[in-house]
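Trainee: sequence unknown, structure follows:
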C-alpha cells in the first residue's frame with residue numbers, strides 16, 4: 001500500500017514571519033541559535049516570499065502554488081514532493097536543492113542556478129528554465145513536456161528515462177549528459193552542444209537538431225526518424241543500430257562513426273561526409289546520397305538498393321562489390337562500370 005499522504009498544515013502570517021526570522025538566526029549562527037525552519041506540508045499558496053532566506057529549510061510536501069519566491073535563497077533546501085505550480089522563482093538560488101517528485105508545472109525559473117539539484121521524477125511540464133544552470137542535476141524519470149530550456153547549461157546532467165517531448169533545448173549545453181531511454185521527440189535542439197552525450201535507446205524522432213554538435217556521442221539504438229539534422233556534426237559518434245529513417249542530414253559530418261546496422265532508409269544524405277565511417281550492414285534503401293563523401297567508408301553488406309549515389313565521392317569498386325545494389329541504384333558515370341561488373345556485364 002502507498003504511504004498515507006499527510007494533511008496540509010496552515011500557518012498564520014505572524015507565525016510564518018517568526019519562523020523565517022528564527023531560521024535566519026539559525027543560519028547566521030551556524031545552528032547555535034535560532035531554529036531551522038520546518039515548513040513541511042505547509043500550505044503557502046500565493047504567499048510572497050521574495051528574497052526569503054530558506055537555505056536548508058524543510059519545505060518537503062509544501063504547497064506553494066502561485067507563490068512568489070523571486071530572489072529567494074533555497075540552496076540545499078528540502079522540497080521533496082512540494083507543489084510549485086506556477087511559482088515565480090526568478091533569480092532564486094536552488095543550488096543543491098532536493099526536489100525529487102516536486103511539481104514545477106509552468107513554474108518560472110529563468111537563469112536560476114540548480115546545479116547538483118536532485119530532481120528525479122519532478123514534473124516540469126511547461127516550466128520556463130531558459131538560461132538556467134543545471135550542471136550535474138539529476139532529472140531521471142522527470143516529466144517536462146513543453147518545457148523551455150533554451151541556452152540552459154545541462155552539462156553532466158542525468159536525464160535517464162526522462163520525458164521532455166516537444167520542449168526547447170535550442171543552444172543549450174548538454175555536453176557529457178546522460179539521456180539513456182529518454183524521450184525528447186518533437187523537441188528543438190538546434191545548435192545544442194551534445195558532445196560526448198550518452199543517448200542509448202533514446203527517442204529523438206522528429207527533433208530539430210540543425211547545427212547540433214554531437215561529436216563522440218553514444219547513440220546506440222537511438223531513434224531519430226524524421227529528424228532535421230542538417231549540418232549536424234556526429235564525428236566519432238557510436239550509431240550502432242540507430243534509426244534515421246526519413247531524416248534530413250544534408251551537409252552533416254558523420255565521419256569516423258561506428259554505424260553498423262544503422263537504418264538510413266529514405267534519409268536525405270546529400271553532401272554528407274561519411275569519411276572513414278563503419279557502415280557495415282547499414283540500410284540506405286531509397287536514401288539520397290548525392291555528392292556524399294564515402295572515402296574509406298566500410299560498406300560490407302550495406303544496402304543501397306534504390307539509393308541515389310550520383311556524384312558520390314570516394315566510392316571504390318572494392319567496397320561497392322561488398323554492398324547490396326540493384327537496378328534502381330543510381331550511380332554517376334564514373335561508377336557505372338562497377339554496376340555493370342556487379343551485373344556480370346563488364
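Mentor: Now that the structure is in, tell me what you want to look at. Since this is a predicted model, take the numbers as computed values, not measurements. Numbers count the residues shown, from 1 in each chain.
Trainee: List the contacts of the biggest helix by length in the chain.
Mentor: Scanning the chain for the helix with the most residues, using DSSP state H, yields helix 13-28. Contacts to helix 13-28, defined as Cβ atoms under 8 Å, 6 or more residues apart in numbering, come from residues 11, 33-39, 44, 47, 52-57. C-beta here means a position set from N, CA and C on the backbone, and glycine is covered the same way.
Trainee: which among those residues end up buried?
Mentor: 37, 39, 44, 47, 52, 53, 54, 55, 56, 57 (16 or more other Cβ atoms under 10 Å).
Trainee: And for residue 88, the neighbour number?
Mentor: 20 (other Cβ atoms under 10 Å).
Trainee: and what of the one 5 residues further on?
Mentor: Applying other Cβ under 10 Å, we find 21 residues neighbouring residue 93.
Trainee: so where's this structure shaky on pLDDT?
Mentor: 1-5, 333-346 (pLDDT under 70).
Trainee: which residues in it form helices?
Mentor: With DSSP H as the criterion, the chain has helices at 13-28, 317-320, 336-342.
Trainee: What residues sit buried inside the longest one?
Mentor: Neighbour counts over helix 13-28 (16+ other Cβ under 10 Å) mark 16, 19, 20, 23, 24, 26, 27 as buried.
Trainee: Can you tell me which of those is closest to residue 235?
Mentor: Nearest to residue 235 out of the buried residues of helix 13-28 is residue 27 (Cβ to Cβ; 48.8 Å).
Trainee: one step back: return the member of the contacts of helix 13-28 nearest to residue 154.
Mentor: Using Cβ to Cβ, residue 55 comes nearest to residue 154 of the contacts of helix 13-28, at 23.6 Å.
Trainee: What's the separation between the closest one and residue 92?
Mentor: Distance, residue 55 to residue 92, by Cβ to Cβ, to the nearest Å: 11 Å.
Trainee: Identify the contacts common to these two.
Mentor: With Cβ under 8 Å, 6+ apart, residue 55 and residue 92 have common neighbours 73, 74.
Trainee: which outside residues touch stretch 55-68?
Mentor: Contact with stretch 55-68 is made by 6, 8, 23, 27, 36-50, 73-88, 98, as judged by Cβ under 8 Å, 6+ apart.
Trainee: Quick check: end-to-end length of it?
Mentor: Separation of the first and last residues of stretch 55-68 by Cα to Cα, to the nearest Å is 16 Å.
Trainee: got it, and stretch 34-45?
Mentor: Terminal residues of stretch 34-45 are spaced 25 Å apart (Cα to Cα).
Trainee: Check stretch 252-271 too.
Mentor: End-to-end for stretch 252-271, by Cα to Cα: 7 Å.
Trainee: Check the buried ones among the contacts of helix 13-28 and tell me the two furthest apart.
Mentor: 47 and 56 (19.3 Å).
Trainee: what pairs with residue 73 across the strands?
Mentor: Taking DSSP bridges as the rule, residue 73 bridges to residue 53, residue 93.
Trainee: my read: it touches residue 49, true?
Mentor: No. Contact criterion Cβ atoms under 8 Å: residue 73 and residue 49 do not qualify, at 10.5 Å.
Trainee: Please identify which of these two sits among more neighbours.
Mentor: Comparing residue 73 with residue 49 by other Cβ under 10 Å, the one with more neighbours is residue 49, at 22 against 19.
Trainee: so who does the more buried one touch?
Mentor: Here residue 49 is in contact with 67, 68, 69, 72 (criterion: Cβ under 8 Å, 6+ apart).
Trainee: from those residues, which would you call buried?
Mentor: Of the contacts of residue 49, these count as buried by 16+ other Cβ under 10 Å: 67, 68, 69, 72.
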